[in-house]
Every structure is written in C-alpha cells, then in structure tokens.
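Trainee: Structure, please.
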Amino acid sequence: MVALIVGVILVVFTVIAALPSVLGWGPQIVLFIQGCLPVLTALCGVLAIFIGIADLKDKREAKKEEADVAKAVEAEDKTN
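Mentor: Numbers count the residues shown, from 1 in each chain. Below you'll find the predicted structure:
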C-alpha cells in the first residue's frame with residue numbers, strides 16, 4: 001500500500017514538474033528523454049534477444065522431453 005501511494009505521488013510530481021508554468025523543467029525533461037531514449041531502446045533490445053534465446057532453448061527442451069516420453073511409451077507398449 002505504501003508503494004502504491006509513493007508511486008502515485010511520484011507520478012503526480014512528474015506531471016506537475018513537466019508543466020511549463022510550474023517549475024519550467026519542460027525543456028530539460030525533453031532533453032533528458034532525447035538523451036536516454038537510445039540507451040533505453042538498446043537495453044530493451046538486448047533484453048528481448050536474451051528472452052528470445054531462452055524461449056528457443058525452452059522449446060528445444062520441450063521437444064526433447066516429448067520425444068523421451070514417446071520413446072518410453074513405445075518401449076512400455078513393446079514389453080506388454
């Protein structure tokens with residue numbers, strides 16, 4: 001609950017700070033966003049690559065497990 005209240009307060013402060021008539025931080029905020037946006041997109045891209053690789057590995061392991069189960073069922077059927 002405390003985190004929710006703090007989050008709301010921070011979002012309200014950010015909106016108020018971005019208004020040109022309150023603190024006048026609008027140009028600095030835009031400059032900051034322009035500077036950090038390429039870095040953030042690069043980090044998101046690297047994260048997406050890692051998630052994609054992990055997903056491919058999981059799919060490969062799932063197929064291997066399915067094949068092992070099919071072999072076990074087939075071997076059990078042969079013994080009966």
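
Trainee: tell me the average confidence for stretch 46-55?
Mentor: Throughout stretch 46-55, pLDDT has a mean value of 96.

Trainee: helices or strands next to the host helix or strand of residue 43 in the packing?
Mentor: Under the criterion DSSP states H and E, the helix or strand holding residue 43 is helix 26-79. Secondary structure elements in contact with helix 26-79, counted by 3 or more C-beta pairs under 8 Å, 6 or more residues apart in numbering; DSSP states H and E, are helix 2-18. C-betas here are computed from N, CA, C, even on glycine.

Trainee: May I have the helix it packs on exported as PDB, CA atoms only?
Mentor: Backbone C-alpha positions of helix 2-18 (Å, rounded to 0.1, in the frame of the first residue of the first chain) are rendered in PDB as follows:
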ATOM      1  CA  VAL A   2       2.900   2.400   0.800                       C
ATOM      2  CA  ALA A   3       4.500   1.600  -2.600                       C
ATOM      3  CA  LEU A   4       1.200   2.500  -4.300                       C
ATOM      4  CA  ILE A   5       0.900   5.800  -2.500                       C
ATOM      5  CA  VAL A   6       4.600   6.700  -3.200                       C
ATOM      6  CA  GLY A   7       4.100   5.700  -6.800                       C
ATOM      7  CA  VAL A   8       1.100   8.000  -7.200                       C
ATOM      8  CA  ILE A   9       2.900  10.800  -5.600                       C
ATOM      9  CA  LEU A  10       5.900  10.400  -7.900                       C
ATOM     10  CA  VAL A  11       3.700  10.300 -11.000                       C
ATOM     11  CA  VAL A  12       1.800  13.400  -9.900                       C
ATOM     12  CA  PHE A  13       5.100  15.200  -9.200                       C
ATOM     13  CA  THR A  14       6.400  14.300 -12.600                       C
ATOM     14  CA  VAL A  15       3.300  15.600 -14.300                       C
ATOM     15  CA  ILE A  16       3.400  18.800 -12.400                       C
ATOM     16  CA  ALA A  17       7.200  19.300 -13.000                       C
ATOM     17  CA  ALA A  18       6.700  18.800 -16.700                       C
END
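
Trainee: Right, I'll leave it there.
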